[in-house]
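1. How does the following fold in three dimensions:
(2 chains)
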Amino acid sequence: MRNSNRIFMVKMLLNSLLRRRSRIAVALIGIAIGATVLLGMITLCYDVPRQLGQEFRSYGANMIFMPAGRATSLSLDDVNLALALLPAEKILGATVYRYASARINLQPLTAAGTDFTQAAQTSPFWKIDGRLPSQDNEILIGADVAELTQLAPGMSALVSGRNKNRVGFNRPMLISGIVSSGGAEDGFIFMNMPAMESLQGNSGEADMVELSLTANEEELGNIAAAINGSMINIKAQLVKRITRSEASVLSKLESLVYLVTAVVLLLTMICVATTMMTIVMERRKEIGLKKAIGADSKNVGREFLAEGLIMGITGGLIGSVCGLIFAQLISDSVFARSINIEIYLIPLTLIISGIVTVLACLVPARRAMDVEPSVVLRGE
Amino acid sequence: MDILELNNISKIYGSVKALQNVNLTVTQGEWVAIMGPSGSGKTTMMNIIGCMDRPSSGEIYLNSKNITRLSLADLTTIRRDTIGLVFQQFHLISYLTALENVMMAQYYHSIIDEAEAIQALARVGLSDRAQHLPRQLSGGEQQRVCIARALINYPQLILADEPTGNLDEVNEAVVLDLFKQLHDEGSTIIVVTHDPEVAEYAQKTIVLEHGRISKIM
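-> Reported below is the predicted structural model:
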């Protein structure tokens, strides 16, 4: 029997809301905008770290492997073991470097052997004039080297020096391209790893590995700790310049998102409270009548809060759809990527919309509870 | 048996004395009319009798229980259980049907019962208009819905404020006939009216002037 009362109450509330379509539409628009911003921002908050993580990867490696303890170089076998410890889906690139002192046309400089396919992943900021070396007799020279030696792609240069066993090498190589990065690479020459191993007279060694991982600062710290805990000869280090910038940008962005969301929710509350206050004024007679025929203040207050809840959930539903579109549009225009939709954020948005609307209805409901039943007799 | 007793009731709003030392006794099954010009205190008296306001001084007894100093929440409970209100302006909720308007009084009283609400409408001759909205009903029909709503919880006292004030002669006769039937069945009725013809139906008429009872007929 109590159920029939509940059904009657719901019917009464829905009829009451439908009757004031234009007023309720204003409140609903306010709630829907609030929910749109809320869901849009929360979705971005969840997705932006992933999006920005990928953006930040274009600034270079965020972790390096160095020889640990007294070791002067890394064994490639150890490097492969360490890489196996990393979650494969988080590795965007792992580039092994082997360095040696050399001269090019008698100018002293650092030569680096590497895998250019991986280097393109960990150093996507390299600007190449010409092309990457594809043969063992080709080199890529830094922009500063090119300026100093007046060498250009397509020209030949004499690379000379001594290997670890103090045996001299002297080899003509073809310049395939010039790399400019604005960093130390501008003073280096690069060649394929087999070419470097051939000059050095041995293989299976590296001096450093650069890694580009899709992980935040905390995850990177955990990964580094795991590597350092299990690999004696390898020291994993974070590239603080990158990881800190990423964390700092994300933290500022999150603060901004929370601030914008809080302001919009506050505006939503003001919009709903103002509309509901107007509705209370318009419905004074009806409230007075209900009280005159037996409704107590609690009944009246509960009905207004229930109306608020219905509006909150309806506005929240509309806003959820718009919020996902909003997040997608922002993601498209800012990051040029699709968002990952977290389905559980939709009920969360509905709950928050409901709570915000009910809170906004507290003062109007209080005002409604204060309406005296005698207004129906005064002919006001 | 007295159902209502007002002892020296006064109501003062700031410097305005709306009621001054009013005494009135209404017995079970009695029909009382309250008359008086505008500003004589009729509405104030009706508010106090209808448990919608409290007097500034004096005592009020309903069913021999002193309700003078009860809280507004307690007065709401008493009003809900004891009094049926009929208004000059009908005050039906525009978005609810005639049936739902009657059921609303059940809803706030206890539990809705559609069959009983239809019976109440049948009693006022409106069973075929149950699903109509107030705007689809004539003034007389709206007032009859208002009476059905007042009767639905079996009140001991029916309090009517100018119940025929907005009706034409035909509908006035219908409504007064309904009140007469209710009175014949034992209902206690208090009617506030300007109309001497309406007051003629009452067994006792009191006339208010400047907040005082000037005449009892």
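2. Could you list which residues are in contact with residue 31?
-> Reading this off chain A. When contacts are counted by Cβ atoms under 8 Å, 6 or more residues apart in numbering or on different chains, A:I31 touches A:268, A:271-272, A:311-312, A:314-316, A:318-319, A:353, A:356-357. Where C-beta positions appear, they are placed from N, C-alpha and C, glycine not excepted.
3. look at chain B instead
-> Counting by Cβ under 8 Å, 6+ apart, B:W31 has contacts B:179, B:183, B:188-191, B:201-204.
4. any idea which helix is longest in chain A?
-> helix A:240-282 (DSSP state H).
5. C-terminal to that helix, what's the next element?
-> helix A:284-292 (DSSP states H and E).
6. Would you mark the buried spots in the next helix or strand after that following helix?
-> Next helix or strand after helix A:284-292 toward the C-terminus (DSSP H and E): helix A:297-330. Within helix A:297-330, the residues that count as buried by 16 or more other Cβ atoms under 10 Å in any protein chain shown are A:297, A:299-301, A:303-320, A:322-324, A:326-328, A:330.
7. Need the per-residue pLDDT for A:V376.
-> Looking at A:V376, its pLDDT is 68.
8. what's the answer for B:T44, then?
-> In the predicted model, B:T44 carries a pLDDT score of 90.
9. among the contacts of B:W31, which ones are buried?
-> Buried residues within those, defined by neighbour count using 16+ other Cβ under 10 Å: B:179, B:183, B:188-191, B:201-202, B:204.
10. As TSV, those residues with distance to A:K285 and secondary structure would be great.
-> Below are the buried ones among the contacts of B:W31 laid out as TSV (distance: Cβ to Cβ, whole Å; DSSP: H, G, I helix; E, B strand; the rest coil):
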residue	distance to A:K285	secondary structure
B:F179	24	helix
B:H183	29	helix
B:T188	27	strand
B:I189	24	strand
B:I190	22	strand
B:V191	22	strand
B:Y201	28	coil
B:A202	28	coil
B:K204	31	strand
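11. and which of those is nearest to A:R103?
-> The nearest member of the buried ones among the contacts of B:W31 to A:R103, counting by Cβ to Cβ, is B:I190 at 117.9 Å.
12. For the closest residue to chain B within chain A, give me its contacts.
-> Of all residues in chain A, the one sitting closest to chain B is A:G294 (3.2 Å; Cβ to the nearest Cβ). Contacts for A:G294 (Cβ under 8 Å, 6+ apart) come out as B:76, B:79-80, B:105, B:108-109, B:153.
13. With A:G288 as the reference, measure out to the residue lying closest to it once chain neighbours are set aside.
-> Excluding the flanking residues, the one nearest A:G294 by Cβ to Cβ, 6 or more residues apart in numbering or on different chains is B:R80, at 3.2 Å. Distance of B:R80 to A:G288, computed by Cβ to Cβ, to the nearest Å: 14 Å.
14. where's the spatially most central residue of chain B relative to B:A33, distance?
-> Note on chain B: the residue nearest the mean C-alpha position is B:L159, at 1.6 Å, using Cα atoms, centre = their mean. Noted for B:L159: a distance of 12 Å to B:A33, by Cβ to Cβ.
15. who touches both of these two?
-> With Cβ under 8 Å, 6+ apart, B:L159 and B:A33 have common neighbours B:I190.
16. can you put the contacts of B:W31 in TSV and add distance to A:D136 and pLDDT?
-> Conversion of the contacts of B:W31 to TSV gives the following (distance: Cβ to Cβ, whole Å; pLDDT from 0 to 100):
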residue	distance to A:D136	pLDDT
B:F179	114	88
B:H183	117	91
B:T188	114	94
B:I189	114	94
B:I190	113	95
B:V191	114	94
B:Y201	120	91
B:A202	120	92
B:Q203	123	93
B:K204	123	93
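17. And the strands in the chain, which stretches?
-> This is for chain A. For chain A, the strands defined by DSSP state E cover A:63-67, A:74-75, A:91-104, A:107-114, A:127-130, A:138-142, A:156-162, A:168-180, A:188-192, A:205-206, A:208-213, A:234-238.
18. Not quite, go with chain B.
-> Under DSSP E, chain B gives strands at B:2-13, B:16-27, B:31-35, B:57-62, B:65-66, B:83-86, B:157-161, B:188-192, B:204-209, B:212-216.
19. excluding its backbone neighbours, what's nearest residue 215?
-> In the absence of a named chain, this looks at chain A. Closest residue to A:A215 in three dimensions, ignoring its sequence neighbours and counting by Cβ to Cβ, 6+ apart: A:K90, at 5.5 Å.
20. wait, chain B
-> Distances taken as Cβ to Cβ, 6+ apart place B:V207 nearest to B:K215, at 4.1 Å, with adjacent residues excluded.
21. State the pLDDT value of the one you found.
-> pLDDT, B:V207: 93.
22. which ones are touching it?
-> Counted by Cβ under 8 Å, 6+ apart, B:V207 has contacts B:35-36, B:213-217.
23. Return the members of those residues classed as buried.
-> Applying 16+ other Cβ under 10 Å to these flags B:35-36, B:213 as buried.
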